[in-house]
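Novice: predicted model, plus sequence, below.
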Amino acid sequence: METITKEDLENLRFQLFSDLKKLLEKPTENKPNEKEWMRSRDVKKMLSISDASLQNLRIRGLVHPVKISGLYYYKSEELKSLFKE
């Protein structure tokens with residue numbers, strides 16, 4: 001059985017931070033300014049619709065938002081698929 005030293009833990013910490021930094025800097029497949037999740041206000045602005053229209057999309061089951069702390073979040077890909085045929 002090997003003993004773990006402070007130096008080993010320090011090296012592990014630096015490696016973890018390095019790996020995490022690489023993951024965070026990795027470009028996404030989406031456009032740089034495009035978010036994966038959008039709030040209701042962003043969706044309404046993007047689609048030029050009212051609160052009632054967005055609520056109607058939810059009620060009809062055309063979009064499936066996630067509700068967190070009273071706010072709805074919509075997946076960008078799902079919104080795009082509304083307009084694909």
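Specialist: Sure, I can see it. Fair warning: this is a prediction, and the values are worked out from it, not measured in the lab.

Novice: what does the average pLDDT come to for the strand ranked longest in the chain?
Specialist: Identified as the longest strand of the chain according to DSSP state E is strand 71-75. Throughout strand 71-75, pLDDT has a mean value of 94.

Novice: counting by contacts, list what the next helix or strand after it packs against.
Specialist: Using DSSP states H and E, the next helix or strand after strand 71-75 towards the C-terminus is helix 76-81. In this structure, helix 76-81 makes packing contacts with strand 37-39, helix 40-47, judged by 3 or more CB pairs under 8 Å, 6 or more residues apart in numbering; DSSP states H and E. For glycine as for every other residue, the C-beta is placed from the backbone atoms N, C-alpha and C.

Novice: reformat the ones you listed as a markdown table; add mean pLDDT, mean neighbour count and distance to Leu57.
Specialist: Converted to a markdown table, these look like this (pLDDT from 0 to 100; neighbours: other CB atoms under 10 Å; distance: least, CB to CB, whole Å):
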| stretch | mean pLDDT | mean neighbour count | distance to Leu57 |
| --- | --- | --- | --- |
| strand 37-39 | 93 | 16 | 13 |
| helix 40-47 | 90 | 14 | 9 |
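
Novice: now tabulate these in JSON lines and tack on distance to Lys6.
Specialist: Output for the helices and strands packed on helix 76-81, formatted as JSON lines (distance: least, CB to CB, whole Å):
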{"stretch": "strand 37-39", "distance to Lys6": "40"}
{"stretch": "helix 40-47", "distance to Lys6": "47"}
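
Novice: out of those, which is closest to Leu71?
Specialist: Evaluated with CB to CB, those place strand 37-39 nearest to Leu71, the distance being 6.1 Å.

Novice: and the helices and strands packed on helix 76-81: which comes nearest Ile4?
Specialist: Here strand 37-39 is closest among these (CB to CB), at 39.4 Å.

Novice: from the chain's centroid, how far away is the lengthiest helix in the chain?
Specialist: The residue-count maximum for a helix in the chain (DSSP state H) belongs to helix 6-25. Distance of helix 6-25 from the chain centroid (CA atoms, centre = their mean, to the nearest Å) equals 24 Å.

Novice: that's all I had, so thanks and see you.
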